[in-house]
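Visitor: need a structure here:
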Amino acid sequence: MKHITDSVILNNGVAMPWFGIGTYKAEGREVADAVSTALELGYRSIDTAAVYGNEQEVGESIASSGVARSDLFVTTKVWNNDQGYDSTLRAFETSSKKLGLDMIDLYLIHWPGVDKYKDTWRALERLKEEGRVRAIGVSNFQIHHLQELLKDSSTAPAVNQVELHPRFIQKELHDFCTAHQIQIEAWAPLMKGRLQDNELLQGIAAQYGKSVSQVILRWELQNQIVIIPKSVTASRIKENSEIFDFELTDAEVQAISGLDAGERIGSDPDKLLF
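Guide: The predicted structure is shown next:
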């Protein structure tokens, strides 16, 4: 990965940028300005979700950016309360209208839940067959959820977006997804800023004249992880994107991976039941 627009080819042949901007807990003018800034800096992938409440602002920023739609990769997600076949199709129409986009690049099931995600998946398959979505995937799915989904579907998810950072590398899940050609994507790739004081990361950052955040993001890229760091601060949006002019050594990558402690900061998918 040498450039901000470099892409991975998903299991259905669709190209997805390795790097993008996340928009969790960003609303109104704040998120609109963040997305506009990112697009001006060369970002071409934007991640949102119905539950974030910002699809309209994201869509407005895309429309006013002047960037060709064909150069953008837009992801959104169906929320828990809308899971099920018919309700997912309705939820998609709502998201599509708010974003102002007839076609979404990647549509994800936000959480696995208990018993509806297979019906939700059938709706996603229909949307893909109809050309409303270029790729479909899941978020926060564990191995057993993926196994259950694959058992009853001929379509493997293109992406599994999960919490992943140096303190929670999810190696077993990552290996499973790689073996099944499911691309891992990290949310909270910077652990929401909780790794800034780590001495190992600070030392590596000093060697390269980079920030701790930049080192973490580079580590993820070199582990073949798609990343969508969220920020609404212009300077940080710029800083996060400046990770394509250096490369960590294999030893440094392994050392950072050694920080893993199984430390989850978000919800456990097996405990978030609905």
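Visitor: state the number of residues packed around Val253.
Guide: Using other CB atoms under 10 Å, the number of residues around Val253 comes to 17. Any C-beta I mention is one placed from the backbone N, CA and C, and that applies to glycine too.
Visitor: what's the separation between it and Thr75?
Guide: 26 Å (CB to CB, to the nearest Å).
Visitor: then Phe168?
Guide: Using CB to CB, one gets 21 Å for the distance from Phe168 to Thr75.
Visitor: contact partners for Ser64?
Guide: Going by CB atoms under 8 Å, 6 or more residues apart in numbering, Ser64 touches Ser36.
Visitor: quick one: it from Asp33, how far?
Guide: 11 Å.
Visitor: what's the local residue count around Asp33?
Guide: By other CB under 10 Å, 17 other residues sit near Asp33.
Visitor: same question for the one 3 residues further on.
Guide: Counted by other CB under 10 Å, the residues lying close to Ser36 total 17.
Visitor: could you do the one 3 residues further on as well?
Guide: When neighbours are counted by other CB under 10 Å, Leu39 registers 20.
Visitor: so it: helix, strand or coil?
Guide: Put simply, Leu39 is helix when judged by DSSP: H, G, I helix; E, B strand; the rest coil.
Visitor: I'd assumed Asp71 was in contact with it.
Guide: No - here Leu39 lies out of contact with Asp71, judged by CB atoms under 8 Å, at a distance of 9.7 Å.
Visitor: find the nearest non-adjacent residue to Asn54, please.
Guide: Closest residue in space to Asn54, ignoring its immediate chain neighbours: Val31 at 4.6 Å, by CB to CB, 6 or more residues apart in numbering.
Visitor: figure out how far the host helix or strand of that neighbour is from the centre of its chain.
Guide: Using DSSP states H and E, Val31 maps to helix 28-40. Distance of helix 28-40 from the chain centroid (CA atoms, centre = their mean, to the nearest Å) equals 17 Å.
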